[in-house]
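Peer 1: Provided below are the primary sequence and the corresponding predicted coordinates.
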Amino acid sequence: MSSEQPEQSDRPDIPASSNPGSRPSVPILFNPIIGAWLVVNTVGFAIAIALMASVFWFPSVFERPQASMSLVSGFVVGVVLGPLQAVVLRRKLPKLKGWQWMLAGILGSYLGVGLGWIVMLWMIYLVLAVLNLPFLELAGGFVFLAIFGAAVGACVGLVQVLVLGKRVRGRRRWWVASVIGRSLGWLSVQLVWNLLGGKLPSDVTVVEFLIYGAIGGLVYGAVTAQALPHLNPHPPPFVEPSR
């Protein structure tokens, strides 16, 4: 008999069947970890977006609300969302430290916002000044938001991957899902915003901001949930017992 043990499954959250060739009997949508992940991201983003939007309701304190929102966004999202995500992730990754995950969200968000603005300004210059195309009148707004969201997701995902370290498998899938999830999340919020009339931020109610945040969080959660089953600790090295 071989002394090597089989590699640990990439999907430990799905109950194993007695028949190795059979499919799992419980669909992934009913996986309790996946369900909890969707809930915490929907609720977390809704609360974070509503808190960030409060800068528009205090003009005497925040004279430049757009700039103020960019300044507080990384901190608010990291503080609100990080601990909620960590609670769910620790069910799969017991060694994950919540404060590290929260700091990863804060740092990654600020890096992503900075990178997003750089890329967007460069694109505006390229499209308008160099190519002289009416890009902003067509799909420019959605394209810029998709790229901006992808930049935030890329930076947040990268810092989170560094926090996970080599002790966790599936980090590449997680990073890709973070990029796509943030990009689609921003696009979904912009689409709903336009469908509801595209009001100025100062005219949007708290309930509407909660809805926008919940939609973006649900989309992000649904995309990253596809990579969540692949985030697993590396199995401990097999040590052959001494004879």
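Peer 2: The structure has been received and is ready for your questions.
Peer 1: Now the helix or strand hosting residue 113: buried residues?
Peer 2: Assessed by DSSP states H and E, residue 113 sits inside helix 98-124. In terms of neighbour count (16 or more other C-beta atoms under 10 Å), helix 98-124 has its buried residues at 100-113, 115-116, 120, 123. Glycine gets a C-beta too; all of them are placed from N, C-alpha and C.
Peer 1: How about the helix or strand bottoming out on mean pLDDT in the chain, which residues are buried there?
Peer 2: In the chain, no helix or strand scores lower on mean pLDDT, DSSP states H and E than helix 65-89, which sits at a mean of 84. Within helix 65-89, the residues that count as buried by 16+ other C-beta under 10 Å are 65, 68-78, 80-86, 88-89.
Peer 1: One more: stretch 162-173?
Peer 2: 163-164, 168-171, 173.
Peer 1: hmm, back to that, could you name the helices and strands sitting against the least confident helix or strand of the chain?
Peer 2: Judged by 3 or more C-beta pairs under 8 Å, 6 or more residues apart in numbering; DSSP states H and E, helix 65-89 is in contact with helix 32-53, helix 98-124.
Peer 1: Quick check, residue 204 in contact with residue 52.
Peer 2: No: in this structure, residue 204 is not within contact of residue 52 by C-beta atoms under 8 Å, at 11.8 Å.
Peer 1: From the neighbour counts alone, determine which of those two ranks first.
Peer 2: Neighbour tally, residue 204 and residue 52, criterion other C-beta atoms under 10 Å: the higher count belongs to residue 52, 24 against 19.
Peer 1: which residues does the more buried one contact?
Peer 2: Applying C-beta atoms under 8 Å, 6 or more residues apart in numbering to residue 52 gives the contacts 69, 72-73, 76-77.
Peer 1: now do residue 177
Peer 2: 157, 223-224, 226-227.
Peer 1: From these, keep the buried residues only.
Peer 2: Among these, those buried by neighbour count (16+ other C-beta under 10 Å) are 157, 223-224, 226-227.
Peer 1: Those in helices, which ones?
Peer 2: In this view, these that belong to helices under DSSP state H are 157, 223-224.
Peer 1: buried set for stretch 171-184?
Peer 2: Of all the residues in stretch 171-184, those buried under the rule 16+ other C-beta under 10 Å are 171, 173-184.
Peer 1: Out of the ones in helices among the buried ones among the contacts of residue 177, the closest to residue 146 would be?
Peer 2: residue 223 (13.2 Å; C-beta to C-beta).
Peer 1: if I look at that closest one, how far off is residue 189?
Peer 2: 14 Å (C-beta to C-beta, to the nearest Å).
Peer 1: and what of residue 209?
Peer 2: Noted for residue 209: a distance of 10 Å to residue 189, by C-beta to C-beta.
Peer 1: Where does the prediction get shaky in the protein?
Peer 2: 1-30, 56-68, 127-141, 198, 200-202, 236-243 (pLDDT under 70).
Peer 1: now residue 115, nearest residue through space, not along the chain?
Peer 2: If the residues on either side of it in the chain are set aside, residue 115 comes closest to residue 151, at 4.4 Å by C-beta to C-beta, 6 or more residues apart in numbering.
Peer 1: Now for that neighbour: which residues touch it?
Peer 2: Here residue 151 is in contact with 112-113, 115-116, 119 (C-beta under 8 Å, 6+ apart).
Peer 1: how distant is stretch 213-223 from the center of its chain?
Peer 2: Centroid separation for stretch 213-223 versus its chain: 8 Å, with C-alpha atoms, centre = their mean, to the nearest Å.
Peer 1: contacting residues around that stretch?
Peer 2: 37-38, 40-50, 177, 180-182, 184-186, 188-189, 192.
Peer 1: I'm done for today, thanks for sticking with me.
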